[in-house]
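**Q** Got a sequence here, can you model it:
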Amino acid sequence: MELSFKGKFLIFLIIISLGFLSFYFLFKEKKEFQADILIFSPHPDDEILCCGGTILKAIEDGKTVKIVFLTNGDAYTQSVSTWMEKQPDELKPEDYIALGKERQKEALRAANKLGLEKDDLVFLSYPDGGLSSLWNNLYDDYYLSEATETVSSPYKLTYNLAKQGYTKENLISDIKEVLEKYQPGEIYLPHILDTHKDHQAANEFVFSALNELESGDNDDWLNSLGSFYYLIHDSGGLDESFYPYVPYSPYVFSREPNYEENISDFKDQKTLALKEYYSQMSAEEEAEFLNSFVKDFELFWDMPSSPQAYLRYVEQEWENIGQIMRSQGYNVNFAPVVDVAEDIEDFDMPLTGKKRIYSEDPEIVAELAGAVIRGMNKGGLIPVIKHFPGLGRVRSDAHVWLPETETPKEDLYQRELIPFMNLIEKDYDFWIMIDHSIYLSLDEKPASLSYEVQTKLLREELGFKGIIIVDELLAMQAIREYAFRQGIADPYIGEIISQVFAAGGDIALFYVSSPLEAKEVINGTIKAVKKAINENKISQQEIDDSVARILTEKENFFGVPLGHFINNMTLEEKIAQKLITDVYFGRDEKEIGNWEEILREYNIGGIHARNQGFIDEIQEQAKIPMFVTGQHEGGMVNQDGLNIYTHSAYMIGKEFEFLKKRAGKEIFYNIKKEKEETKDFYESFDLGQIDEITRQNILDSLIDSVDELIAAYSDIEQKGYVSPNPNYISPLTIYHSVGGYEIKPFYDLPIFWLRKFSDQGVSFYAYSLFKEIFNDWKKDQKELSTYTRDIILNLYSLKEKIKSRKSIIDDPKSKEEVRILFLATHPDDEDSEGLAYFEYKFNSETYILLATRGEGGENEINATYEDLGKIRTEEIEKAGEILGVNRIYYLGLEDFGYCVSEKEALDKWDREEALKKIIYFYRLIKPHIIITKNTTSDEHCQHKAFISLAIEAFELASNPEVYSETLKDGLLPWQPLKFYQRDPKNENGIFIDISEKDSATGRTYKEIALESLKQHHSQKLGEWAQTQYSFWPDKIYYHLSKTKVKDEGNSIFSGINKENL
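**A** Numbering: from 1, shown residues only. From the prediction side, this is the model:
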């Protein structure tokens, strides 16, 4: 039957209606799923402190608010201690987890007071106190929380991937998923300059997630996203009416808060919500801090929403920085860094590790650097862009090593040189700093000494007409190493600076420790440059042209005519105008007077002021106004004394890239990231090449060096000064600051060792070894020492630490304290050669742990099964007496005969029971070294099974949670230090020479071993050994299977010292 027109029309209307309803509900569901505001809170309570009133106001206006907690705040020891009424040293992991669960409950109750539901909260449950370590990849497979001792979330309320494990990738993925799920209109996140590391890392994680999101046609939320920063932990310098808890040194924020939310009508509700965090309010001091955030307003940084606005924002920020630095007497700033990153996330690189680079995209770098330069120019400051021709791919730090890179010149043009070329084309006032790396495609000299780099490339090819300054020359290891390689005699600095001028550099920068050293450098430079002019290595005209550039720059900056000075200047005065030395103005009037005298006498071109005292006074006395340089890049590189608090280049780049991407601009990311461009011998050196004698010599040299420093500081204590020794280079530097003295290593350590040991690999090993010892020592030291006497006492302490690391190889008495456990599966499996060697040669404590009594073995005397075990026990005891073994222990496992399958042996023995017994004997005997003749590659199933269990027990014996029953017997956890197996082919590894003779008996260790083997009559082993004796090798080789010490030597004792015995 055919439907009428009305019927058809009715059906049509129904279909249309259903379609509209479906669309409505789909749209409605999506809208309910979204959030107007998404707040990222590092810990429960941060969301109330920063935004409690803002949340209440938003909800009243009908907006949806969601809160994302990155951690549960479970690692705050003071909080859990007060809350649980326990002393900090009584706290256990479960106590910290209990605090985390309580803070989740508190967050839910606080949210309820704000008008939010449980579904409005997201608990990511990553480790409190560990976000910074996650961000910087300071973990192996998973990050281990020091508080909860877990590598994944132990909380039921966990959003997603933290349950699988604490990793950087998991946290970024979770944040991305939350962002895509809620598609917020606005996000609130911690300020990157918050002094709490979790807050800083939270900012970095959120921006990393945002940058990984791809904006498209359907991502209007991402294209219009508003971002607000909030600050909880202030270093000072902001409005004290809002941030009253200013620590010891006030900072100046270069970006002031620019958005204020009036919450005066919501203060009481904010207070009620905050009180739900009882675990945090229980301590009076903490409660006072939290309550200080209940005010009539909440402050935020409203971030720019477009690339153009962001560049204006950066420009204004750096104009402010310029004005601050100018007000303190500075006129030149060593910033910005315009290097292009090879991999912006590779924090092992020298520059990216300190977050000093903007981006992998050279255009991004140029745009941001341009904004910084414009801002500083407006603020009255001359910027210095660096490091030409580009350090982005260089993996070694010139402060420590002499880097080399094989990057082709055409590749430099395609990436590293782009920011320099773009900025040179602009009408900005800036200098260019040259770095010390060797660019082999350009020259075989460091760039700072290269005519090809400075004159041909920078001046002639790129057309730069401004001031060229080279990076610091006196303290930099790269230059020290180059001078050493070239055979330039000490003091080398004068010759090096003359090479800088010959290459085309206008200004040489050097750092000194005293006015007297500055005078020596200036005089040495003048002498060396005059010599170079006489030898036609530098022309007088080149000096005049360079000085003219410097005077013209000063004329333009200071607004006074200076060009006429060049006509009446002596050569010495011209050379001095091309020098800048660093100056630290202390409180000693005599020292200040010495600086004033030097600056008047030489009228040098400028000073690098380490602090601001007396800059104006020094400047007033200058015949020609001086450049006063400082270094403020932002982030981790801040000018001493100014305490300007600024974004790092890395975060500026991340913020700007996000805005560029959502504006539809494509960002260049270096896909290859090959990281093989830098040629550095040290990086590839095999530490295993170092022999034990060399290692001991290195430690002796270190001890001598510390003794020299002790002598020097004893002079200071007695006489008030120490006579300088220009030929002495220390592996340590004593850093003088306002708060006192601090011992720091590595100032010029590698070259120190290069002079001691001509082999570069040995010098690198020395550097690495001392770094390890120093860091271990420093854990127990005060940060600063106020008096010279404290320095001397600390140096004595360091000396003892170094002495404790001297291997026992050259200390026969210490070898007697080493306990060596030899493992054997059956009687006659004992390592008779090794036992004889270590007992007779070193008098070490030797033990045997026997898995079975050999009752299932070959029976050459027709004894019963049970009697064979007793007979073989007697045989091994007699062999042990000959070998001088302290004691033989028996594990009591069954010898059931020959088999091949390791699993079969483990099943017959009861794997877990056998493992527990081995752990028991490790804890009883307390061996430092474990050695086995049997190996995991033997054919016999019992050999393989026993040694596999023994290796597993090596890792477990130190864990108090494993086989804790032994604790009742007084057997505490014990960690053996090294585990050796015989090399199956007797070819590789560490060897012992058993052909050596024992001085007491006159017999070789091989002969002693043979006598012990003859005791195994039931196996007729003596007859076999006698016939095979002539074929026995003179050397027995072992390979290291497990170690808990740093072992780079060629002795079984290597890495064992008095400290770890």
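
**Q** Okay, domains of the protein per the record?
**A** Here the domain parsing of the chain from automatic domain parsing is 1-29, 34-303, 308-662, 682-806, 819-1043.

**Q** Please identify which of those domains is closest to residue 1054.
**A** Evaluated over those, closeness to residue 1054 peaks at domain 682-806, with 5.9 Å, by CB to CB. Every C-beta, even on glycine, is put in place using the N, C-alpha and C of the backbone.

**Q** residues near residue 166, how many?
**A** 25 (other CB atoms under 10 Å).

**Q** And the pLDDT at it?
**A** Here, the pLDDT recorded for residue 166 equals 95.

**Q** quick one: it and residue 151 touch, right?
**A** Yes: in this structure, residue 166 is within contact of residue 151 by CB atoms under 8 Å, at 5.8 Å.

**Q** which residues are common contacts for these two?
**A** Residues within reach of residue 166 and of residue 151 at once, by CB atoms under 8 Å, 6 or more residues apart in numbering, are 142-145.

**Q** got a winner among these for most neighbours?
**A** Neighbour counts for those, by other CB under 10 Å, peak at residue 145, which reaches 26 neighbours.

**Q** Report the contact partners of the nearest residue to it once chain neighbours are set aside.
**A** Excluding the flanking residues, the one nearest residue 145 by CB to CB, 6 or more residues apart in numbering is residue 127, at 4.0 Å. Counting by CB under 8 Å, 6+ apart, residue 127 touches 71, 75, 134, 143, 145, 147-148, 150, 166.

**Q** Residue 439 now?
**A** The neighbours of residue 439, taking CB under 8 Å, 6+ apart as the test, are 389, 405, 407, 412, 447, 450, 453.

**Q** does the last one count as helix, strand or coil?
**A** To tie it back to what came earlier, the one meant is residue 453. Look at residue 453: counting by DSSP: H, G, I helix; E, B strand; the rest coil, its state is helix.

**Q** Verify the stated contact: it with residue 470.
**A** No: at 10.3 Å, residue 453 and residue 470 do not qualify as touching, with contact defined as CB under 8 Å.

**Q** More neighbours: those two, which one.
**A** residue 470 (32 against 27).

**Q** For the stretch 651-800 of the chain, give me the ranges with low pLDDT.
**A** 669-693, 712-713, 715-758, 760, 780-791 (pLDDT under 70).

**Q** Next one, pLDDT for the residue nearest to residue 145 please.
**A** Note for residue 127: predicted pLDDT of 96.

**Q** okay but residue 136 is in contact with residue 345, surely?
**A** No: judged on CB under 8 Å, residue 136 makes no contact with residue 345 at a distance of 10.1 Å.

**Q** Now residue 1011: closest residue in space, sequence neighbours ignored.
**A** Closest to residue 1011 by CB to CB, 6+ apart is residue 882, at 5.5 Å.

**Q** looking at this, that neighbour is in a helix?
**A** Yes: Residue 882: assigned to a helix according to three-state DSSP.

**Q** tell me the contacts of it?
**A** Neighbours of residue 882 in contact, by CB under 8 Å, 6+ apart: 1008, 1011-1012, 1015.

**Q** Out of those residues, which is nearest to residue 438?
**A** So of those, ranked by how close each gets to residue 438 (CB to CB), first place is residue 1008, at 57.5 Å.

**Q** and the gap between the closest one and residue 666?
**A** 76 Å (CB to CB, to the nearest Å).

**Q** Which of those two has more residues huddled nearby?
**A** More neighbours surround residue 1008 than the other of residue 1008 and residue 666, with 22 against 8 (other CB under 10 Å).

**Q** just to confirm, which helix or strand has the more buried one in it?
**A** Assigned by DSSP states H and E, residue 1008 belongs to helix 1005-1013.

**Q** Show me the contact partners of that helix.
**A** 828, 832-833, 835-837, 840-841, 879-880, 882-883, 992, 994-996, 998, 1001, 1021-1022, 1025-1026, 1029, 1032, 1034.

**Q** ok, now stretch 618-625?
**A** Identification of contacts with stretch 618-625 by CB under 8 Å, 6+ apart yields 329, 551, 554, 557-558, 560, 562, 565, 577, 583, 595-596, 599-600, 603, 607, 626, 628.

**Q** Measure how buried residue 118 is and give me the count.
**A** Per other CB under 10 Å, the neighbour tally for residue 118 reads 10.

**Q** Which phi and psi values does it adopt?
**A** For residue 118, the backbone dihedrals (degrees, to the nearest 10) come out as phi -60, psi -40.

**Q** Please give me every residue in contact with it.
**A** Shown in contact with residue 118 (CB under 8 Å, 6+ apart): 108, 111.

**Q** any idea how far it lies from residue 353?
**A** According to CB to CB, residue 118 and residue 353 sit 41 Å apart.

**Q** can you check residue 516 too?
**A** In terms of CB to CB, residue 516 sits 35 Å off from residue 353.

**Q** Can you classify residue 657 as helix, strand or coil?
**A** At residue 657 the chain is in helix, as set by three-state DSSP.

**Q** Tell me the buried residues in stretch 576-595?
**A** 576-585, 592, 594-595 (16 or more other CB atoms under 10 Å).

**Q** Please apply the same query to stretch 130-143.
**A** Using 16+ other CB under 10 Å as the test for burial, stretch 130-143 gives 130-135, 139, 142-143.

**Q** do stretch 76-90 as well
**A** Of all the residues in stretch 76-90, those buried under the rule 16+ other CB under 10 Å are 76-77, 79-84.

**Q** Show me which residues of stretch 293-304 are buried.
**A** Neighbour-count burial for stretch 293-304, with 16+ other CB under 10 Å as criterion, is recorded at 293-294, 297-301, 303-304.

**Q** whoops, stretch 280-291 was the one
**A** Under the neighbour-count criterion of 16+ other CB under 10 Å, stretch 280-291 has 280-283, 286-287, 289-290 buried.
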